[in-house]
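>>> Task: produce atomic coordinates for the following.
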Amino acid sequence: MRLLIGFIGAMVLMAQPPQTEKKPVTDTYHGVKVADDYRWLENFSDPAVKAWAKAQNAYSRKFLDALPERKPILEELFRYDDAEPARYAQITIKSSIFALKRDPKKQHDTLVSLPSLNGGVDRVVVDPDALDPKHSTAIDFYVPSQDGKHVAVSLSTGGSERGDVHVFETATGKQLSDFIPGVNGGTAGGSVAWNADSSGFFYTRYPRGTERAPADMDFYQQIYFHKLGDKTEQDKYSAGKDFPRIAEIALKSSPDGKHIAAIVSNGDGGEYWHYLLAPNGEWRQLARLSDKVIGLEFGHHNDVYLLSRANAPMGKVLRMPVSGALADAKEVVPKSNVVIEEMQSVPAGLYVVDLAGGPSQARFFGVAGGLKATLPVPPIYAVGALTTSGDDALFRMGSYVEGGAWYLFDPNTKQLKKTGLNAASAPSLASDFEAVREFATSKDGTKVPVNIIRKKGINLDGTHPTLLYAYGGYGISMTPNFLANERVLLERGFVYVVANLRGGGEFGEQWHEQGNLTKKQNVFDDFAASAHLLIDRGYTIPNKLAIMGGSNGGLLMGAALTQHPELYRAVVSFVGIYDMLRVELSPNGAFNVTEFGTVKETDQFKSLYAYSPYHHVKAGVAYPAVLFLTGDNDPRVDPMNSRKMTAILQASGTKRPVLLRTTSEAGHGIGTARNERFAQFADAFAFLIDQLK
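Below you'll find the model as predicted:
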């Protein structure tokens, strides 16, 4: 079989990729001249660019469709998924219990109401597949009313994340006439918060009509109020005209709906303003950027809990009266050596979920502080989707080798039990595989956690095909997650690895800040150190080492393959950023400036230019084989990044394949239909198997 795979792969490689014309453009940044041969590929409205992308897709399909493992892998992905019973996510408890139901028979998640946490027959509230026979529509988010009788649902199409809010009756699934366009987007997201009597809701929206110039239609998010039954033209402005262009607003209601909070982030860099709306209709600022408050949770006693990083990089929790000022806040959860990631209040106190470098722990505190219980979370497990029922905590817990299950914790008995929301048998790889945690040493001596999922009893003789995955940005943490799709690689002898790089939030804000703006190179050094660890420990060799990442992790892939082409044999990069000098010109790129920096500042330009993957491709270098995947409707990373990076790598003279796969009915990955999602994984995994043979 190995010879057959190698022979077919070689036959496919005989074809040359489509030729790409060079049309040089030169820019000058702070006295530095920078050439760009493929600027013309940025304009997707140009028929020539569309034709180029179509030709690249045809070239890639010819290669990928000829891979012997593609069809079996695709069949396995569907078979594994079909074998799993429907499962629930994003549970919200009001007078009714709401959840997103992930049913293998459906292309998208369905919004349902549940009779109880003990399971039972659910009732469909919104089925996107029924609304759209083309299966292009997906739920962005949903928010039930305070009385649970209605639910506001944002729906978008084609992976665009451009969501309009519709209102449905919970009991019947009937869609009301209420329609609010332009609530959700791929730049600043979107949000809804219902008022106390459920007669209407506050919502975020983007500019409409001629309210802003065309270039500003994805910016300047504001808050409006909609009364049920009214036309959206009657909705009343509430706040936001004085917010910055790149403000991202998240709304939250108090348990009784009498107070509304607006958490306003300054782009994607992790800094926030906090505002409260009192029952008299007046907004007041609770916290400024300099106060370093990064989260807010309403309590049940006319109080507010604040997650603060003021003199606490890992986080601490403060409590104050809802009508008070930040100066009135008292510490209820002190800072410690773990990162406070999430919090949820109950009448009896406050639950917090912590990160210990990647894996989770969870604790319960009294209303005014004092540790009451530590929840029994196994090592290298993740706790997520925390919500509450009375004083009990409902959450999902799982690991790399154990499928997630829903648990309920009773703070009085301190007992943890599985709920009836779980499938009869959760998927598991634990009988054959294990997750171990080691530490790589980065260039500057920093210890970087590396989570290795391997077959039990593995022989460390350097023979194993290995896939290294990471992200490293925005303070986003890579937590243990069941390898539902990657199991097809594990069962073919792969070692799968997740590295917790700087730029993430696994060790708090300092860990994030050591990998953003002008310190972004630390992320790439951490990744290279992780790769060397795998080689030095005897898991693999460069010729059997592949890497994979997406979005900001796609930038990581670009930097890795240009900085250390000798270290990897194959690269799979989803929706990545590669031209760091032009990224801020796209709508979402402007929001990313607080994370990456801007070419307008000399020091930040130097940093961006020093690692920008597109600008470091050199002729005559033997680069790894590369598969780029992107979607025409991506609102977060302009697909021009993938087009330009593909063109310059193909022109470099590298002998290994450089493929571009573009999906017309997908975007950044959010809302992608089930069939297309599995097709992407089948292409990616078959590509890796072919290259690492």
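
>>> contacting residues for the residue lying closest to D178 once chain neighbours are set aside?
In space, and not counting its chain neighbours, D178 is closest to V167: 4.2 Å by CB to CB, 6 or more residues apart in numbering. No exception for glycine: its C-beta is placed from N, CA and C like everyone else's. Taking CB atoms under 8 Å, 6 or more residues apart in numbering, we find V167 in contact with H150, V151, A152, V153, Q175, L176, D178, L228.

>>> between those, which is closest to N481?
V153 (25.9 Å; CB to CB).

>>> for the protein, what are the low-confidence residue spans?
1-14, 423-425 (pLDDT under 70).

>>> Would you map out the domains in it?
As given by automatic domain parsing, the domain ranges for the chain are 2-79+431-691, 341-426.

>>> Any chance of CSV for those domains, columns mean neighbour count?
Shown next, in CSV, are those (neighbours: other CB atoms under 10 Å):
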stretch, mean neighbour count
domain 2-79+431-691, 20
domain 341-426, 18
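
>>> Reformat the ones you listed as TSV; add distance to R288.
As requested, these are arranged in TSV below (distance: least, CB to CB, whole Å):
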stretch	distance to R288
domain 2-79+431-691	15
domain 341-426	21
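
>>> With respect to G182, which of those lies nearest?
Per CB to CB, nearest to G182 of these: domain 2-79+431-691, 12.6 Å.

>>> if you skip the residues just before and after it, what's nearest to the residue positioned nearest the centre of the chain?
By CA atoms, centre = their mean, the chain has its centre lying nearest to I476, at 8.0 Å. In space, I476 comes closest to G504 once its chain neighbours are excluded; the distance is 5.7 Å by CB to CB, 6+ apart.

>>> how far away is the one you found from H512?
7 Å (CB to CB, to the nearest Å).

>>> Overlap of the contact sets of those two?
By CB under 8 Å, 6+ apart, the residues touching both G504 and H512 are Y474, G475.

>>> picking up where we left off before, pretty sure the residue nearest to D178 is in a strand, no?
Yes: applying DSSP: H, G, I helix; E, B strand; the rest coil, one finds V167 inside a strand.

>>> re the thing from before, farthest pair in the contacts of V167?
So, the contacts of V167 by CB to CB: farthest apart are V153 and L228, at 14.0 Å.

>>> Which of these two has more residues huddled nearby?
Shown here are V153 and L228; by other CB atoms under 10 Å, V153 has more neighbours (23 against 16).

>>> Excluding residues flanking it in the chain, which one is nearest the more buried one?
With CB to CB, 6+ apart, the residue lying closest to V153 is Y142, at 4.6 Å.

>>> The strand or helix carrying that neighbour - which strands sit beside it in the sheet, and in what orientation?
Y142 is part of strand 137-144, with elements assigned from DSSP states H and E. According to DSSP bridges, strand 137-144 forms sheet pairs with strand 150-157 (antiparallel).

>>> what does the partner strand rub up against?
With CB under 8 Å, 6+ apart, strand 150-157 has contacts from 98, 111, 125-126, 128, 131-132, 136-145, 162-170, 176, 183-184, 190, 192, 194, 198, 201, 203, 228, 671.

>>> Out of those, which end up buried?
98, 111, 125-126, 128, 136-145, 162-168, 170, 183-184, 190, 192, 194, 198, 201, 203, 228, 671 (16 or more other CB atoms under 10 Å).

>>> Tell me where the stretch 401-550 of the chain has helices.
487-490, 509-513, 521-536 (DSSP state H, counting those that start in this stretch).

>>> Columns distance to A382 on top of these, output as JSON lines?
Formatted as JSON lines, the helices of the stretch 401-550 of the chain follow (distance: least, CB to CB, whole Å):
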{"stretch": "helix 487-490", "distance to A382": "17"}
{"stretch": "helix 509-513", "distance to A382": "17"}
{"stretch": "helix 521-536", "distance to A382": "20"}
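
>>> how far away is the nearest residue to F681 once chain neighbours are set aside from K134?
Nearest non-adjacent residue to F681, counting by CB to CB, 6+ apart: N485, 5.1 Å away. N485 sits at a distance of 24 Å from K134 (criterion: CB to CB).

>>> likewise G186?
For G186, the distance to K134 - CB to CB - is 20 Å.

>>> Can you tell me what sits against the helix or strand N588 falls within?
According to DSSP H and E, N588 maps onto helix 587-591. The contact list for helix 587-591 (CB under 8 Å, 6+ apart) reads 186-188, 218-219, 245-246, 248, 267-268, 582-584, 635-638.

>>> What about the residues you listed, which are in strands?
Judged by DSSP state E, those include E248 as members of strands.

>>> Show me the helices in the chain, by range?
Using DSSP state H, the helices found in the chain span residues 2-13, 47-65, 70-83, 128-131, 487-490, 509-513, 521-536, 552-563, 587-591, 593-596, 602-611, 640-650, 674-691.

>>> Of all these, which one is nearest T446?
Closest among the helices of the chain, once you apply CB to CB, is helix 521-536, at 6.9 Å.

>>> just checking, what packs against that closest one?
Contact analysis of helix 521-536 by 3 or more CB pairs under 8 Å, 6 or more residues apart in numbering; DSSP states H and E lists strand 433-441, strand 447-455, strand 466-469, strand 495-499, strand 545-550, helix 552-563, helix 602-611 as its packing neighbours.

>>> List the neighbouring strands of the second one plus their orientation.
Taking DSSP bridges as the criterion, strand 447-455 forms sheet pairs with strand 433-441 (antiparallel), strand 495-499 (antiparallel).

>>> Compare these and report which one is nearest to V626.
It is, among the strands paired with strand 447-455 and with distance given as CB to CB, strand 495-499, at 19.1 Å.

>>> Now do that closest one: everything it contacts.
Residues contacting strand 495-499 (CB under 8 Å, 6+ apart): 358, 400, 440, 448-455, 458, 464-470, 478, 483, 486, 489-490, 526-527, 530, 534, 539-540.

>>> rerun that using 7 Å as the cut-off
448, 450-454, 464, 466-470, 478, 483, 486, 489-490, 526-527, 530, 534, 539-540 (CB atoms under 7 Å, 6 or more residues apart in numbering).

>>> now G550: how far from K22?
With CB to CB as the criterion, G550 and K22 are 28 Å apart.

>>> what's the answer for A262, then?
Distance from A262 to K22, by CB to CB: 48 Å.

>>> Check P449 too.
On the measure of CB to CB, P449 and K22 end up 43 Å apart.

>>> same question, D197
Counting by CB to CB, the gap from D197 to K22 is 64 Å.

>>> ok, V448 touching L501?
Yes: counting by CB atoms under 7 Å, L501 is a contact partner of V448 at 6.3 Å.

>>> what's the overlap in contacts for the two?
D526.

>>> Contacts for stretch 129-141 next, please.
100, 106-109, 111, 126, 128, 153-158, 161, 163, 184, 190, 665, 671, 673.

>>> correct me, but S607 touches N516?
No: the pair S607 and N516 fails to qualify as a contact (CB under 7 Å) at a distance of 10.3 Å.

>>> circling back: out of the strands paired with strand 447-455, the one nearest K62 is which?
Closest to K62 of these is strand 495-499 (CB to CB; 28.4 Å).

>>> Next, the angle from that closest one to helix 521-536.
Interaxial angle, strand 495-499 versus helix 521-536 (axes from the mean of the first three to the mean of the last three CA atoms, to 10 degrees): 150 degrees.

>>> For strand 495-499, what is the distance to the chain centroid?
18 Å (CA atoms, centre = their mean, to the nearest Å).

>>> ok, now stretch 324-344?
The answer for stretch 324-344 is 25 Å, by CA atoms, centre = their mean.

>>> same question, stretch 140-153
23 Å.

>>> if we can go back for a sec, could the helices and strands packed on helix 521-536 be laid out in TSV, adding distance to E42?
Converted to TSV, these look like this (distance: least, CB to CB, whole Å):
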stretch	distance to E42
strand 433-441	37
strand 447-455	35
strand 466-469	29
strand 495-499	32
strand 545-550	21
helix 552-563	17
helix 602-611	17
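
>>> Many thanks, have a good one.
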